[in-house]
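[1] Based on what follows, work out the 3D shape:
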Amino acid sequence: MWYWELEVGFEFCFLSDHLVSAAVIILCWKHFRPSRLSFLGSRNWMIFLLCWYCAVQGIVVNGLVPSAISSIERRFKLSTSTMGRIVQFYDFGYVLFCIPVSYFGGRHSKPAVLGAGLALMAFGSMLFSTPHMLADSYSANQDNKSFGQCSIKTPWDISEAEASAWTASCEAEKQNQPGTFRFVFLFCLAHFLHGIGATPLFTIGVSYIDENVGKALSSLFVGIFYSFAVFGPAAGFLTAGTFLTYHTDFWHLPAEQISRVSGDETDPSWVGAWWLGFVLASLVAMVAVIPIACLPKVLPESLKWHRNRLVETSQASRRRTPECCGLAGTNKTAALYRDAPSQEDSTLLLTSITTRGRGPLWYKLWLDVRHIPIAIYRILTNAPFMLITLAMAIDSMFWIFTKNFCYTFLQAFSIEVRVFPFRFGLEIMSFSGLVVTGASSFMSKYLERQFNVPPSNSSFFIGCVMVPMAGVGCMISGFIVQYFRLNCVTTLKLAVGLLFFSLILTPMYLIYCPHDPLVGVETTYPDRDGQISVGNYSDVEPSLKSACNSHCLCSEAEFRPVCAEFVDGRQLSYYSPCYAGCLEPYSPMQKVYSNCSCVVETPRLQVRQVKKGLCESKCKGLFGFLVIFAPLSLCTFAVGVPIISVI
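    Just a heads-up that it's a prediction; the model follows:
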């Protein structure tokens, strides 16, 4: 039984005349204090709720958004630069509100600020899915197109040049239509709210854990907390990989129409249900908003630890304000407890500490902001902290440039992927920022381009390999720091060793799978014997136009690749069914094209089928890449907990 007085919610509750149990604590707000929520006043529930918050942030920002990039571009006809600006709005929201939230939120009710941040995260996730609800049906728009099928020329048809120009102008009009700006604005606003909602999580949330578990358990609890920061993306990638296998209009269109329009996810025009994950994440986030906001400012289990800190400070003849213990300044007293307190200790602990008094609103605001210059000066003059922060900032600045270059490069060479200079550059410059900042956002797209993996499979691979290993790395490093009681210097040596080991593994980016040649772009059309010649080793320049498709009215603006599979295992990719000379309509039931004049069939070279999409790679390099990428993720993410422990 303990005597205690503690500010909870927005007022001080004077309970020194009452005996209260260690498991009971008054929670929530001034007029809303349900006793049924008293079980939340424990360390286990605190870390559970904060890990829930952390997982939601990882699911949305580092899981769902990266997986939806390709689908959103295709669905709303957005350019690469526009999509890059949308992604950057998360950083804008985080940077703009980081200092105000961490300073003012830390001086007041931290649980209330954390609850508000999670609510903004939930609202932003729901807002991110609204463009799908507001836009016209994607399948209805696609249904009016020829899908690249060969149309027989007639004397009164327009020329090929006019047809290509007309198709290109239609695509340009769709990109510049007024509705596109409306959707871009919603995406930017939603991701901006994601950044604001994540601000209290990694600023106030970490300090809230540290204040309520003590120095001995801080590394372990922070390691558990940050492990969910990477387990969240795992759930996000796996969820996105599942939802992307469903068509974006599956909920209101029959499967027959979807199959006729887009076929399956191997079709470049396929758009999966990218929006469904954001709706689900929003609902999951809203469940934990009220429980997090109802957490106490200081847990009953941690009051004894705070009391010991005050005793040590008092013996050293130094004054400690309630802000140091996570309490807001007030003109009342803060009394801390322990088991069966003696009269002398009680007198010491119940000593009044005068803090700021009451006054006008402007005066209270002045009392809050007047310490900001002093706090900034102390931070800037803290050499170890500034060196660690500078190292992390340089690392992030490098990857901001590298990831934008990566994204633009892969988009520009989506047909003919020439990536050796890019892989060599990554092998030289790659460091922890490659995995921490960039891989979670663009590794899914990297697998699509380098190994010709469908979007749903690439998200699945990332969710199964990178993110779980990263979470295990955070937990292991936190356990090592806590179990061996590492000091500051030894902890920094551990971080440097992990980074050096991850640097050794970066040559994995030299692994890639060569893609099958694209007929008419990289190779010539097959001759009568089925032989082709690569443009670089032939006197004949590859061209999309050929004698085999001269009877078709084709447009270069319609890139709808098809794959011709032969019985002997050989594969050829064509620019579109039209340039492959396919006259028969696409069969949704059999999912093949037929009667393709440019797909040469000889007694030795028999055609198995001609299907939608680029040819699937049969290369085994993806397995080796993922095997090396797993320990790289573990070591790189394991650095985070030691660095935070040092700070």
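[2] and residue 615, how far is that from residue 518?
    Between residue 615 and residue 518 the computed distance is 9 Å (C-beta to C-beta, to the nearest Å). C-beta here means a position set from N, CA and C on the backbone, and glycine is covered the same way.
[3] shared neighbours of those two, anything?
    residue 573 (C-beta atoms under 8 Å, 6 or more residues apart in numbering).
[4] What's opposite residue 611 in the beta bridge?
    residue 563 (DSSP bridges).
[5] who's in contact with it?
    So residue 611 contacts 266, 562-563, 565, 591-593 (C-beta under 8 Å, 6+ apart).
[6] distance of the spatially closest residue to residue 132 that is not a sequence neighbour from residue 281?
    Among residues not flanking residue 132 along the chain, residue 275 sits closest, at 4.0 Å (C-beta to C-beta, 6 or more residues apart in numbering). Residue 275 is 11 Å from residue 281, where distance means C-beta to C-beta.
[7] who has more neighbours, the two?
    Neighbours per residue (other C-beta atoms under 10 Å) separate residue 275 from residue 281, with residue 281 holding more: 29 against 21.
[8] I figured the more buried one hits residue 125, correct?
    Yes - in this structure, residue 281 is within contact of residue 125 by C-beta atoms under 8 Å, at 4.8 Å.
[9] Mutual contacts of the two, please.
    Joint contacts of residue 281 and residue 125 (C-beta under 8 Å, 6+ apart) are 60, 64.
[10] who wins for neighbours among the contacts of residue 611?
    Ranked by neighbour count (other C-beta under 10 Å), the contacts of residue 611 have residue 562 at the top, with 30 neighbours.
[11] mind listing what it touches?
    Neighbours of residue 562 in contact, by C-beta under 8 Å, 6+ apart: 573-574, 576-577, 580, 582, 593, 610-613.
[12] try 10 Å
    148, 266-267, 519, 572-580, 582, 586, 592-593, 596, 599, 609-615 (C-beta atoms under 10 Å, 6 or more residues apart in numbering).
[13] quick one: it and residue 614, what's the gap?
    Separation of residue 562 from residue 614 (C-beta to C-beta): 9 Å.
[14] can you list the weak-confidence ranges in the stretch 1-150 of the chain?
    Residue ranges of the stretch 1-150 of the chain with pLDDT under 70: 1-39, 139-150.
[15] Quick one: the strands in it, in order.
    Remark: strands assigned in the stretch 1-150 of the chain by DSSP state E, counting those that start in this stretch are 5-8, 11-14.
[16] so what's residue 437 scoring on pLDDT?
    At residue 437, the pLDDT value in this model is 50.
[17] ok, now residue 335?
    pLDDT recorded at residue 335 is 40.
[18] likewise residue 429?
    At residue 429, pLDDT is 30.
[19] repeat for residue 172
    pLDDT, residue 172: 50.
[20] Does residue 184 touch residue 83 like I think?
    Yes - assessed by C-beta atoms under 10 Å, residue 184 is found in contact with residue 83 at 9.1 Å.
[21] Give the residues shared as contacts by those two.
    Joint contacts of residue 184 and residue 83 (C-beta under 10 Å, 6+ apart) are residue 76.
[22] Average pLDDT for the helix or strand where residue 641 lies, rounded please.
    Using DSSP states H and E, residue 641 sits in helix 640-646. Mean pLDDT, computed over helix 640-646, is 77.
[23] And it, what does it pack against?
    helix 178-243, helix 383-412, helix 455-483, helix 488-504 (3 or more C-beta pairs under 10 Å, 6 or more residues apart in numbering; DSSP states H and E).
[24] tell me the contacts of residue 210?
    Contacts of residue 210 by C-beta under 10 Å, 6+ apart are 217-219, 221-222, 326, 644-645.
[25] swap the cut-off to 7 Å and go again
    Under the criterion of C-beta atoms under 7 Å, 6 or more residues apart in numbering, the contact list for residue 210 reads residue 218.
[26] Could you number the chain from 707 rather than 1 from now on?
    Sure, I'll start counting at 707 from here, so that last one is residue 916.
[27] What's the separation between it and residue 1317?
    The value you get for residue 916 to residue 1317, if C-beta to C-beta is used, is 57 Å.
[28] ditto for residue 915
    53 Å.
[29] cool, residue 753 as well?
    Residue 753 is 50 Å from residue 1317, by C-beta to C-beta.
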